[in-house]
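Visitor: Quick one: sequence plus predicted model below, questions after.
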Amino acid sequence: MDEPVILRESEHGLHREMIAYEALRVLTRLDEAGYQAYLCGGGVRDLLLGRKPKDFDVATDARPEEVKKIFRNCRIIGRRFKLAHVFFRDVIIETATFRALLDNPPPEAEDVPLPSRRHTDVPDPTFATRGGVIVRDNVYGTPEEDARRRDFTINGLFYNIADGSIIDYVGGLKDLEHRVLRVIGDPETRFHEDPVRMVRAVRIASQLDFEIERHAREAIVKMCGELGSSSRERLHEEMLKILNCGCALKVFERSWRKGLFQTIYPPFSAWLQGPDRHEAMNWVKKALRQFDVWKQAGLKPMPALQHALLFGPYIEGMAGGFAAEGMPEFEAILQAVNTVLRDKANLTQIPKAVVFDVERILGIQVQMNKSSGQSKYASRLRHRNGFQEALVYLKFASGVDPARKELLARWMAPSHEPSAPPPRKHEHEPRHEHGPHPGHGQSHGHESHG
Ligand code: ATP
Ligand code: MG
């Protein structure tokens, strides 16, 4: 095994004050207890690039039970490969014991209960052999093995709290400097092991404005079909990360060029290439740009609002077809939401609650269209769950499609209905990401279109 490149504290730009208090506390307490304690993953990468990390992960030679002895606020999670979660008021620091190369199944192989796994061919490392000998308990490894089982070289760097050095087993420093996203090991092998890495590659390269190394790029184009064997739940999570990464439009454009997006959403993609493709693409790109604007403003829209905006005209077009065949309009929109979002041809599993909220957002469009905006019915509608998101949808839609401007004006006019409560000044104001409901919350925002 090769010697790592080591940069001393004075030779790189990552200083301990840059690390979030909670992660620093985990690192120093492990270090004081005599363990190796490394900051790893995206945290190291982003700090070296002068970016604000999304989260901090820790790698250590302490076993999860040993981590638990040090931190009262700690829970061990995971079925076979156990991880320690150290809890603080608003964050969890994931603390993982160095992991062996052999123990490298895709995350769904262990986080998701077996019945919902699509993979049946994930090699179970519990029974993997080394030189013909079955190595049952060999899930923990050396720091080098832990670096090599990671996805990309720039994600395989360690910051050692003991002396402030950066330890690089995988050539990540060089790739950071040249702004290249390179797979650790052979791209085809690593993508076959876990196809979600292809989606991660496109997202992370777009976020950092890095070039994907040629072999990996070619492998993605060739292998995107393998995404069909990844867990649908994980792909949905990955899609949410894309929608909220701050450069959703760029990720979409890059993954469209590679055929990756088309693999994940085949019928929707076919529609995007159909007779109305210009309007369709225009809408989708505007929606994605809107997500980027929200992110920039520190806002976190509901996943349902994002799904409504992304798939809206496709769903509404389909509903129009159902209605033309005689289905009542409201029923038609619900039917279309379900046809589009629950389509088994999609590789993502959109949770039921999200589908239900999209039904609300698009259903309310139909109801708004039927009302003057001033009746008793209208005032009840204004208080219905999902109305605020529906209004954000309408504002967005009228920015793209002028035919909806009149409807928007009707609903933006002050309500004269006596039973309606006085308009609240901040009613439509989006909530901030760091507000009272962090994470995938209820909050939403809007940009004015017009
Ligand atoms: P982000 O900014 O989105 O958090 P990240 O690189 O930190 O990016 P995480 O999902 O937080 O992504 O993962 C933390 C680290 O775990 C990664 O940097 C990488 O080293 C490793 N990792 C994550 N997913 C995989 C995977 N599918 N295969 C191999 N290693 C992975
Ligand atoms: Mg991270």
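Guide: Cool, got the structure. Residues are numbered from 1 along each chain as shown. Ligands and ions are numbered 1, 2, ... in the order given.
Visitor: from here on, contacts and neighbour counts on C-alpha atoms
Guide: OK.
Visitor: Just give me the neighbour total for the residue in the stretch 101-250 of the chain that ligand 2 sits nearest to.
Guide: Per C-alpha to the ion, residue 155 is where the stretch 101-250 of the chain lies closest to ligand 2, at 9.1 Å. Residue 155 has 25 neighbouring residues, counting by other C-alpha atoms under 10 Å.
Visitor: which ones are touching it?
Guide: 40, 41, 42, 44, 45, 172 (C-alpha atoms under 8 Å, 6 or more residues apart in numbering).
Visitor: ok, of those residues, which one's closest to residue 143?
Guide: residue 40 (10.6 Å; C-alpha to C-alpha).
Visitor: Quick check: phi and psi on the closest one?
Guide: phi -140, psi 180 (degrees, to the nearest 10).
Visitor: what separates it from ligand 2, distance-wise?
Guide: Note on residue 40: its distance to ligand 2, by C-alpha to the ion, to the nearest Å, is 9 Å.
Visitor: Equivalent analysis for residue 299, please.
Guide: Taking C-alpha to the ion, one finds residue 299 at 19 Å from ligand 2.
Visitor: what's the longest helix in the protein?
Guide: helix 303-324 (DSSP state H).
Visitor: taking the mean pLDDT, what do you get for it?
Guide: What helix 303-324 shows for mean pLDDT is 97.
Visitor: just checking, what packs against that helix?
Guide: Counting contacts by 3 or more C-alpha pairs under 8 Å, 6 or more residues apart in numbering; DSSP states H and E, helix 303-324 is packed against helix 266-272, helix 277-296, helix 329-341, helix 352-369, helix 387-400.
Visitor: what's the first-to-last distance across stretch 59-73?
Guide: Stretch 59-73 has an end-to-end distance of 18 Å (C-alpha to C-alpha, to the nearest Å).
Visitor: Would you mind listing the buried residues in it?
Guide: 59, 60, 61, 62, 63, 64, 67, 68, 71 (16 or more other C-alpha atoms under 10 Å).
Visitor: and that stretch, how far out from the chain's middle?
Guide: 28 Å (C-alpha atoms, centre = their mean, to the nearest Å).
Visitor: ok, and what's touching it?
Guide: With C-alpha under 8 Å, 6+ apart, stretch 59-73 has contacts from 29-30, 33, 35-40, 74-76, 82-84, 86-88, 95-98, 142.
Visitor: hmm, it touching ligand 2?
Guide: No - for a cut-off given as C-alpha under 5 Å from the ion, stretch 59-73 has no contacts with ligand 2; the smallest distance is 12.7 Å.
Visitor: phi, psi of the residue nearest the centre of the chain?
Guide: Nearest residue to the geometric centre of the chain (C-alpha atoms, centre = their mean): residue 241, 1.5 Å. Per-residue torsions, residue 241: phi -60, psi -40 (degrees, to the nearest 10).
Visitor: Could you report the neighbour count for residue 29?
Guide: By other C-alpha under 10 Å, 15 other residues sit near residue 29.
Visitor: Can you classify it by secondary structure?
Guide: helix (DSSP: H, G, I helix; E, B strand; the rest coil).
Visitor: per-residue confidence at it?
Guide: Reported pLDDT for residue 29: 98.
Visitor: Identify the spatial nearest neighbour of it, chain neighbours not counted.
Guide: In this structure, residue 29 finds its nearest non-sequential neighbour in residue 70, 7.5 Å apart by C-alpha to C-alpha, 6 or more residues apart in numbering.
Visitor: Enumerate the residues of this structure near ligand 1.
Guide: 41, 42, 43, 54, 55, 150, 151, 155, 156, 197 (C-alpha under 6 Å from any ligand atom).
Visitor: Now with 8 Å, please.
Guide: 40-43, 45-46, 53-57, 104, 106-107, 147, 149-152, 154-157, 194, 196-197, 200, 204, 241, 245 (C-alpha under 8 Å from any ligand atom).
Visitor: Contacts for the longest helix of the chain, please.
Guide: Under C-alpha under 8 Å, 6+ apart, the answer for helix 303-324 is 240, 243, 268, 271, 280, 283-284, 287-288, 291, 329, 332-333, 335-337, 340, 354-355, 357-358, 361-362, 389, 393, 440, 444.
Visitor: Only whichever of those residues are buried, select them in ChimeraX.
Guide: The buried subset of those, as determined by 16+ other C-alpha under 10 Å, is captured in ChimeraX by this line:
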select :240,243,268,280,283,284,287,288,291,329,332,333,335,336,337,340,354,355,357,358,361,362,389,393,444
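Visitor: Write out the residues of the stretch 1-150 of the chain neighbouring ligand 2.
Guide: For the stretch 1-150 of the chain, the residues in contact with ligand 2 (C-alpha under 5 Å from the ion) are 42, 55.
Visitor: Can you pull the poorly scored residue ranges out of the stretch 1-150 of the chain?
Guide: For the stretch 1-150 of the chain, the stretches flagged by pLDDT under 70 are 1, 103-138.
Visitor: where along it do the strands fall?
Guide: Counting by DSSP state E, counting those that start in this stretch, the stretch 1-150 of the chain has strands at residues 5-7, 37-40, 57-60, 74-77, 83-87, 92-97, 129-130, 133-134.
Visitor: deepest of these, which one?
Guide: Highest mean neighbour count among the strands of the stretch 1-150 of the chain (mean count of other C-alpha atoms under 10 Å): strand 37-40, with a mean of 27.
Visitor: residues in contact with that strand?
Guide: Residues contacting strand 37-40 (C-alpha under 8 Å, 6+ apart): 27-28, 30-31, 56-61, 155-162.
Visitor: What is the burial count for residue 384?
Guide: Counted with other C-alpha under 10 Å, the neighbours of residue 384 add up to 12.
Visitor: ok, it to residue 2 distance?
Guide: Using C-alpha to C-alpha, residue 384 is found at 62 Å from residue 2.
Visitor: Residue 367 too?
Guide: Distance of residue 367 to residue 2, computed by C-alpha to C-alpha: 66 Å.
Visitor: higher neighbour count, the two?
Guide: With neighbours defined as other C-alpha under 10 Å, residue 367 and residue 2 compare such that residue 367 has more, 15 against 7.
Visitor: who are the neighbours in contact with that one?
Guide: Counted by C-alpha under 8 Å, 6+ apart, residue 367 has contacts residue 330.
Visitor: pLDDT score for it?
Guide: Value listed for residue 367 in the pLDDT field: 92.
Visitor: Same check on the one 10 residues further on?
Guide: According to the prediction, residue 377 has pLDDT 84.
Visitor: Doesn't it lie inside a helix?
Guide: Yes - per three-state DSSP, residue 377 lies within a helix segment.
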